[in-house]
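Student: Model the following, please.
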Amino acid sequence: MQKIITGIAAFAFCLLAFTTSNPFIVTGKVIDVNGNPVSFATVKIKGASSGLSADANGNFSIKVNSENDVLIFSATSFKELAVRVGNQKNMTIVLESNQPGELKEVVVTSSFGIKRTASSVASNKQRVSANQINSIRQSNINNALAGRVAGFSVRTQTSAKLGTENNIRLRGENGLGIAGNQDDLEREGYDYILENAFLKVKDNPLSTFSIDVDAASYSNMRRFLNQGQLPPAGAVRIEELVNYFKYDYPQPEKKDPFSVNTEISSCPWNPNHRLALVGLQGKIIPTESLPPGNIVFLIDVSGSMQSAEKLPLLRESMKLLVDQLRETDKVSLVVYAGNAGLVLPATNGLYKQTIKAAIDKLEAGGSTAGGDGIKLAYKTATDNFIKGGNNRVILCTDGDFNVGTSSDAELESLIEKERETGVFLTVLGFGMGNYQDAKMQKLADKGNGNHAYIDQLAEAKKVLVSEFGGTLFTIAKDVKLQVEFNPAAVQGYRLIGYENRMLNKEDFNDDRKDAGDMGSGHTVTALYEIIPVGLSSNFLKNVDTLKYQQEEKFSASAFGHELMTLKLRYKAPDGNTSKLMEVPVMDDQKPMQNTSTNFRFAAAVAEFGLLLRNSAFKQQANYKDVISLATHAVGIDKEGYRGEFLKLIQSAKTIAKKVERRKKNAEFVDEEEEETVSANR
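Tutor: Predicted structure coming up:
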């Protein structure tokens, strides 16, 4: 009998093995509980060291070994889900958010912070809706609204308790938003942005600035909107919003590293003005043709990096880049907390599992000796320097340095010194609550590098996979632009954005002056708002006629139909002498409907930035027009980034309306209180 049972069991086992061992493809879609796609969710077989990512619409396709395989689905801000394959060849996967709902006790902090007690993490059973915020004393809300100083954090705390365990955090600056149970928003550092003003051509005929390929401001702005908050004005750098997107400019035809493109039409937010677009397209170098890479990851593992959107997201992001490495590349891993240390010496890109294993072992804890880490990372890069190669340090941090060399001036001086070694710098920012945006910007600028903010794994994929060459390989450094306007056609102008990239006119010809760098395949777009000759404008102020200067008169045809002349200077990545390009721009204004999708989409993004900043130059800008302009200029959107932008516009519009209502309610209550006080006197 026992032999019979054993035989049956063996037969069943063989039958099971036969029916489940054939590999097959499983397809499907990852969505959230509301039916929205979860873009770039990670899908992997349980036990496998790596997996793949869904696309922007949540669609995936993965090869499994058998019906017994278990698929693991994960995404930033969502709970991980394990699903046995079985006989399913098409799946719809629903991920639940891991962000707890709104909390119970309310502590309102003026301007930027609403501090939450530690006990709120442990207990979140009782929740309160956003509408119940109105039960807070309106004077406290008004205090938060009053902290609207663009780019500064003001942490004067006033509190009104509704319970004993949990808090709701409010944030005020451009407006008031509501965040759920997340890390304490102790401080985030943003520089004050003094917007470029309109300038008279007869007084200021030259406009000179450095290019900027950073896009950190866009993903950071998205993080705020996804939390139901308007971003602080200091976090909105319009040029970075515009340059987050790819534009369909032609590839360079000559030996120059980029093509120069221009387009002119009416200005969407003031039809009496003109809008001039200047677009650069960097030469695309295929990944296999890129020079060998010597990459040093410099990882912040201090205590401030413990939360889920910091070190855990950082680890997964780094592994995406590791998957792109070639046999000609090598990677080192330097970490810093209270001290700095080398945890992985230079390792060939073929040994991906070795590199990933070192990444998986990273744990957070301790203080933040960022200066020591930078020194060791650059030393490691120079020790393994590849002549003619791509030598780069990738700094991954929240920027909250607090031990050793930590002041902005000290760190900038250190980076300026180290860049002379020929090692470039990429700065990847992570986290919220103490994110030091201003410091990250300065480090990237001084280190001949670029700056990105990683708010989700999808953004890591964009920066480190889709834009691998542009992020990590420089095709031109110290790229400067200088525009000379024709006074016969242009009365005044304003460069939109690039406030922290402005140069003196003398800097254009000075090869010692540092400027921005351009990577393989990068596009750079700049927009000028132009006031034509003969138009009366409140933006242009008159001064008394000068006694000793002769005012030169120009006829409309003095320089043909030129609107302006565009000059560019750039150096080769390993060069010290700049090359000059000069392009005359004709006054060929097109009707808006005849402009390219490049022009219309860039204009829509710029107008959106003006609204987010509540700019003094927004004029007739409004969300309805932004949505209309962007919707008709999406064009080919394979990655889904432009489609996502349309959703963000709608989110900002909704939040802005709520902010305005709360502000009016607060003002009304204040008036009532004043009347009551007067009546009781």
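Student: quick one: pLDDT of S139?
Tutor: Note for S139: predicted pLDDT of 32.
Student: What of the one 10 residues further on?
Tutor: According to the prediction, V149 has pLDDT 30.
Student: And for V242?
Tutor: 98.
Student: Over to K505?
Tutor: On pLDDT, K505 comes in at 97.
Student: so how far is Q550 from the closest residue to it other than its chain neighbours?
Tutor: Nearest non-adjacent residue to K505, counting by C-beta to C-beta, 6 or more residues apart in numbering: L206, 4.6 Å away. Where you see a C-beta, it was placed from the backbone N, CA and C, and this is true even at glycine. Separation of L206 from Q550 (C-beta to C-beta, to the nearest Å): 19 Å.
Student: More neighbours: which of those two?
Tutor: L206 (15 against 6; other C-beta atoms under 10 Å).
Student: Name the residues of stretch 372-385 that are buried.
Tutor: Buried positions in stretch 372-385, judged by neighbour count with 16 or more other C-beta atoms under 10 Å: 372-381, 384.
Student: State the mean pLDDT of it.
Tutor: 91.
Student: distance between it and the chain's centre?
Tutor: Taking C-alpha atoms, centre = their mean, to the nearest Å, one finds stretch 372-385 lying 26 Å from the centre of the chain it belongs to.
Student: With stretch 422-438 instead?
Tutor: Distance, stretch centre to chain centre, for stretch 422-438: 11 Å (C-alpha atoms, centre = their mean).
Student: Take it, keep the C-alpha atoms, and write them as CSV.
Tutor: C-alpha atoms of stretch 422-438 as CSV (Å, rounded to 0.1, in the frame of the first residue of the first chain):
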residue,chain,number,x,y,z
GLY,A,422,38.2,67.0,-14.9
VAL,A,423,35.6,65.1,-12.9
PHE,A,424,32.0,66.2,-13.5
LEU,A,425,29.2,66.2,-10.9
THR,A,426,25.6,65.0,-11.0
VAL,A,427,23.4,65.8,-8.0
LEU,A,428,20.3,63.7,-7.3
GLY,A,429,18.0,65.1,-4.6
PHE,A,430,15.7,62.9,-2.5
GLY,A,431,13.1,63.4,0.2
MET,A,432,10.9,66.0,1.7
GLY,A,433,10.7,67.9,4.9
ASN,A,434,14.3,69.0,5.1
TYR,A,435,15.2,69.0,1.4
GLN,A,436,17.9,71.6,0.7
ASP,A,437,17.1,72.6,-2.8
ALA,A,438,19.2,75.8,-2.8
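Student: Show me the buried residues of stretch 372-385 that map onto helices.
Tutor: 372-381 (DSSP state H).
Student: need these in JSON lines with distance to V70, can you?
Tutor: Supplementary listing: these in JSON lines, determined by distance: C-beta to C-beta, whole Å:
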{"residue": "D372", "distance to V70": "43"}
{"residue": "G373", "distance to V70": "38"}
{"residue": "I374", "distance to V70": "42"}
{"residue": "K375", "distance to V70": "45"}
{"residue": "L376", "distance to V70": "41"}
{"residue": "A377", "distance to V70": "39"}
{"residue": "Y378", "distance to V70": "44"}
{"residue": "K379", "distance to V70": "44"}
{"residue": "T380", "distance to V70": "39"}
{"residue": "A381", "distance to V70": "41"}
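Student: where does the chain dip in pLDDT?
Tutor: The model of the chain has pLDDT under 70 over residues 1-21, 49-50, 56, 76-77, 98-186, 338, 366-370, 401-408, 553-558, 667-681.
Student: Next, name the residue at the spatial heart of it.
Tutor: Centroid-nearest residue in the chain: A216, 2.6 Å away (criterion: C-alpha atoms, centre = their mean).
Student: follow-up on the earlier one: out of the ones in helices among the buried residues of stretch 372-385, what pair is the most spread apart?
Tutor: For these, the farthest-apart pair by C-beta to C-beta is D372 and A381; their separation is 15.1 Å.
Student: Now do the same contact list for L71.
Tutor: Shown in contact with L71 (C-beta atoms under 8 Å, 6 or more residues apart in numbering): 26, 43-46, 62, 64, 82-85, 91.
Student: quick one: stretch 261-274 to chain centroid distance?
Tutor: Taking mean C-alpha positions (C-alpha atoms, centre = their mean), stretch 261-274 and its chain are 26 Å apart.
Student: which other residues reach that stretch?
Tutor: Contact with stretch 261-274 is made by 249-250, 275-281, 529-532, 535, 563, 566, 583, 585, 587-592, 594-596, 598-599, 603-604, 607, 610, 618-621, 625, 629, as judged by C-beta under 8 Å, 6+ apart.
Student: of those residues, buried ones?
Tutor: Taking 16+ other C-beta under 10 Å as the criterion, what is buried in the contacts of stretch 261-274 is 249, 275-281, 529-532, 563, 566, 585, 587, 589, 592, 595-596, 598-599, 603-604, 607, 610, 618-619, 621, 629.
Student: Let's see which of these end up in strands.
Tutor: Members of these lying in strands (criterion: DSSP state E): 275-281, 529-532, 563, 566, 585, 589.
Student: which among those residues gets closest to D478?
Tutor: Comparing those against D478 with C-beta to C-beta places L280 closest, at 14.0 Å.
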